[in-house]
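After the sequence you'll find the predicted model.
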Amino acid sequence: MENVTIKQAQEMIDIFVKERNWQTTETDTVLHIIEELGEIARNVLKMKNYGGQHTSNSNINMDEELGDILYLILKLSNQTNINLEKAFINKLEMIRNKYPLNSSKQQ
């Protein structure tokens, strides 16, 4: 598949969800996002050997987990009528203004 814009990705998710009749409430989507973030957190803890449960990076599907999160964020943006591409650009500009290159503030 070719590279897609955020807007195109939102459109793809909208069609995908409607074709399968997978419409859910925003609350259910947010809860699913939280669940997926928990899976990412567990993977990071394993990668960092937290609690002695080290796993080789080959056993961790971080790309799949991040794909799940992106799918759900796109779905939620559709459910709430947010132009995610515009929201992202606006947010990045706000962050650039708050933390200019010559700023001593670091995140």
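Looks like it came in fine.

and residue 16, what element?
helix 6-20 (DSSP states H and E).

Other residues contacting that helix?
Identification of contacts with helix 6-20 by CB atoms under 8 Å, 6 or more residues apart in numbering yields 4, 22-23, 70-71, 74-75, 77-78, 83-85, 88. C-beta here means a position set from N, CA and C on the backbone, and glycine is covered the same way.

Buried ones among these?
Neighbour counting over these (16 or more other CB atoms under 10 Å) leaves 71, 74, 75, 77, 78, 84 as the buried ones.

if I read this right, the second one contacts residue 84, doesn't it?
Yes: counting by CB atoms under 8 Å, residue 74 does reach residue 84; the two are 6.7 Å apart.

other SSEs contacting the very next helix or strand once past the helix holding residue 16?
Using DSSP H and E, the helix or strand that follows helix 6-20 in sequence is helix 26-47. Here helix 26-47 touches helix 62-79, going by 3 or more CB pairs under 8 Å, 6 or more residues apart in numbering; DSSP states H and E.

Only C-alpha atoms, please: export the helix it packs on in PDB.
Output in PDB follows, covering the C-alpha atoms of helix 62-79 (Å, rounded to 0.1, in the frame of the first residue of the first chain):
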ATOM      1  CA  MET A  62       5.500  -3.000  18.900                       C
ATOM      2  CA  ASP A  63       4.700  -2.200  15.300                       C
ATOM      3  CA  GLU A  64       1.400  -4.100  15.600                       C
ATOM      4  CA  GLU A  65       0.500  -2.400  18.900                       C
ATOM      5  CA  LEU A  66       1.300   1.100  17.500                       C
ATOM      6  CA  GLY A  67      -0.800   0.200  14.500                       C
ATOM      7  CA  ASP A  68      -3.700  -0.700  16.800                       C
ATOM      8  CA  ILE A  69      -3.400   2.700  18.600                       C
ATOM      9  CA  LEU A  70      -3.300   4.600  15.300                       C
ATOM     10  CA  TYR A  71      -6.400   2.700  14.000                       C
ATOM     11  CA  LEU A  72      -8.300   3.500  17.200                       C
ATOM     12  CA  ILE A  73      -7.200   7.200  17.200                       C
ATOM     13  CA  LEU A  74      -8.300   7.500  13.600                       C
ATOM     14  CA  LYS A  75     -11.600   5.800  14.500                       C
ATOM     15  CA  LEU A  76     -12.100   8.200  17.500                       C
ATOM     16  CA  SER A  77     -11.300  11.200  15.400                       C
ATOM     17  CA  ASN A  78     -14.000  10.100  12.900                       C
ATOM     18  CA  GLN A  79     -16.500   9.500  15.800                       C
END
